[in-house]
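A.B. asks: Below: sequence and its predicted model.
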Amino acid sequence: MLLRVRVTLPDRPGTLGQVARTLGVSGADIVQVVVLERLGGRAVDDFTVVWPGAARVEGLLAGLAAIPGVRVDGVWRAIGAPTTTGQDAELLAQVAANPTDGVATLVDAVPGLLAADWAVAAVVPVDWASRAGGGTATVGHASWRAPEPPRLPEVTPLRARTLTVADGTHYAIAPFGRAGLVLVVARDHTEPLTAAGFHATEVDRLAQLVRASAVILGDRLDLVGPQSVTTVT
């Protein structure tokens, strides 16, 4: 299976090599490395690895923790293939080619791009700002792995952000800027693996995809209809 391993490490020569060697010795086959952040002498890297299904991750975590200055921020199952350059543009091209199903196309594709479990296009009342609590969100479209009914956090105020609720589920939220529509992406908490929260660069990427899709779809966003939803905190 594919795993995503997020590691914070000292941004100095040799440390990345130590992490890569530890992953290899533990049985992981590295297929992709993405640098999410380099700041103040520290780096945050996402490793996508092929992991033996019968192997336990405890040995991997212990090996990484033994490297001076290294912290494991999360290990979780990645859905689909590793992301590659140009996938965002290809997704937007698909949205433009079939705008009738544009929102569904976006919702179904985003979990794979962000190593998430599921996504939902949620709808809040257009007058949410004047309502106590922002108004109840409903669901316009849910991806195929979404729970039934989808569990949504409080999505208002409508701005791009990330949050984590009490059960450990991580969410990234990005509004379309029209019709009270907002895209919600989730990483579930599933023992023994512990997913990392969405990094700021991932939220920015989601927001850019949503804004571009909103420009492409325009008035069609007004046609997204509500379904039922469960709100979580």
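C.D. replies: In hand now; what should we look at?
A.B. asks: In contact with Ala78, which residues?
C.D. replies: Ala78 makes contact with 2-4, 48, 115, according to Cβ atoms under 8 Å, 6 or more residues apart in numbering. (Each C-beta comes from the backbone N, C-alpha and C, glycine too.)
A.B. asks: which two in the residues you listed are spaced the farthest apart?
C.D. replies: Maximum pairwise distance among those (Cβ to Cβ): 9.5 Å, between Leu3 and Ala115.
A.B. asks: Report the beta-bridge partners for Trp76.
C.D. replies: The partner list for Trp76 in beta bridges (DSSP bridges) reads Arg4.
A.B. asks: could you check the distance from it over to Ala160?
C.D. replies: When distance is defined by Cβ to Cβ, to the nearest Å, Trp76 is 22 Å away from Ala160.
A.B. asks: Quick check on those two: which one has the bigger neighbour count.
C.D. replies: Here Trp76 and Ala160 are compared on neighbour count by other Cβ atoms under 10 Å; more neighbours surround Trp76, at 22 against 18.
A.B. asks: The closest residue to Ala66 other than its chain neighbours in helix, strand or coil?
C.D. replies: Nearest non-adjacent residue to Ala66, counting by Cβ to Cβ, 6 or more residues apart in numbering: Thr22, 7.9 Å away. Three-state secondary structure (criterion: DSSP: H, G, I helix; E, B strand; the rest coil) places Thr22 in helix.
A.B. asks: ok, Thr22 - contacts?
C.D. replies: Neighbour list for Thr22: 60, 63-64, 66-67 [criterion: Cβ under 8 Å, 6+ apart].
A.B. asks: Show me the residues you listed that map onto strands.
C.D. replies: The strands, defined by DSSP state E, take in nothing from the contacts of Thr22.
A.B. asks: Just the buried ones out of those, please.
C.D. replies: The neighbour-count test (16 or more other Cβ atoms under 10 Å) marks 60, 63-64, 67 as buried among these.
A.B. asks: Mind naming the longest helix for the protein?
C.D. replies: Assignment by DSSP state H gives helix 200-217 as the longest helix of the chain.
A.B. asks: element containing the closest residue to Val5 other than its chain neighbours, please.
C.D. replies: Spatially, and ignoring its direct neighbours in sequence, Val5 is nearest to Phe47 (4.4 Å; Cβ to Cβ, 6+ apart). Taking DSSP states H and E as the criterion, Phe47 maps to strand 42-50.
A.B. asks: so how far is that strand off the chain centroid?
C.D. replies: Its chain's average C-alpha position is 15 Å from that of strand 42-50, according to Cα atoms, centre = their mean, to the nearest Å.
A.B. asks: So which elements touch that strand?
C.D. replies: Other helices and strands packing on strand 42-50, by 3 or more Cβ pairs under 8 Å, 6 or more residues apart in numbering; DSSP states H and E, are strand 2-10, helix 15-25, strand 29-39.
A.B. asks: Having no further points to raise, I will conclude here.
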